[in-house]
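Colleague: A structural model of the following input is requested.
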Amino acid sequence: MFILLAVLIGLESRKYPLGTIDNPGPGFLPMLLAVAMAAMSVALSARAWKNKTTQERRTFWPGKEGLFKVTLAFVAIVLFTALLEITGYMVNIFFLFLLLLRPIGRQKWVWSLSIALGATLVSYLLFDQWLMIPLPRGVWFGN
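Modeller: Residues are numbered from 1 along each chain as shown. Here you go, the predicted model:
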């Protein structure tokens, strides 16, 4: 599925000029991402095919635990998007990292909290301070 998506992205990015490496056009980054996505999809598919037995190849759906984790991650991302303007970037990204690390990734609390806090601060400094991209502050911090 991801290989087909990569092909579609690659075809759509050809509608824009690619430019050169020194002067990339608007189609350059989508094409680069499509090539990377296709390469990683092929590599992961080959690895999965090599490691599975014949019986495992016939099963398509993940187990109940895997399906729960995928659903939880999807709901977390939807909530992140819906609440971004209300709660702000810093609060949202902290809880998204925490949710992805603790219940889904099953990391220890200390490790999950430190990674979530560190990633939140680094992403804030990178986007808001260094790249000067205004991030939503939320209702508590003066939107």
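
Colleague: contacts and neighbour counts: CA atoms only from here.
Modeller: Noted.

Colleague: Tell me how many other residues surround Phe141.
Modeller: Phe141 has 9 neighbours, counted by other C-alpha atoms under 10 Å.

Colleague: which stretch of helix or strand covers it?
Modeller: Taking DSSP states H and E as the definition, Phe141 sits outside all helices and strands.

Colleague: same thing with Asn92?
Modeller: Per DSSP H and E, Asn92 falls inside helix 89-99.

Colleague: Can you name the next helix or strand after the lowest-mean-pLDDT helix or strand in the chain?
Modeller: Sorting the helices and strands of the chain by mean pLDDT, DSSP states H and E puts helix 54-58 at the bottom, at a mean of 50. Downstream of helix 54-58, the next assigned helix or strand under DSSP H and E is helix 64-87.

Colleague: what's the residue at minimal distance from the centre of the chain in contact with, if anything?
Modeller: Taking C-alpha atoms, centre = their mean, the centroid of the chain lies closest to Ile77, which sits 9.3 Å from it. Counting by C-alpha atoms under 8 Å, 6 or more residues apart in numbering, Ile77 touches Leu96.

Colleague: Contacts for stretch 107-126, please.
Modeller: For stretch 107-126, the surrounding residues in contact (C-alpha under 8 Å, 6+ apart) are Met90, Ile93, Phe94, Phe95, Phe97, Leu98, Leu101, Arg102.

Colleague: how about 6 Å then?
Modeller: Phe94, Phe97, Leu98, Leu101, Arg102 (C-alpha atoms under 6 Å, 6 or more residues apart in numbering).
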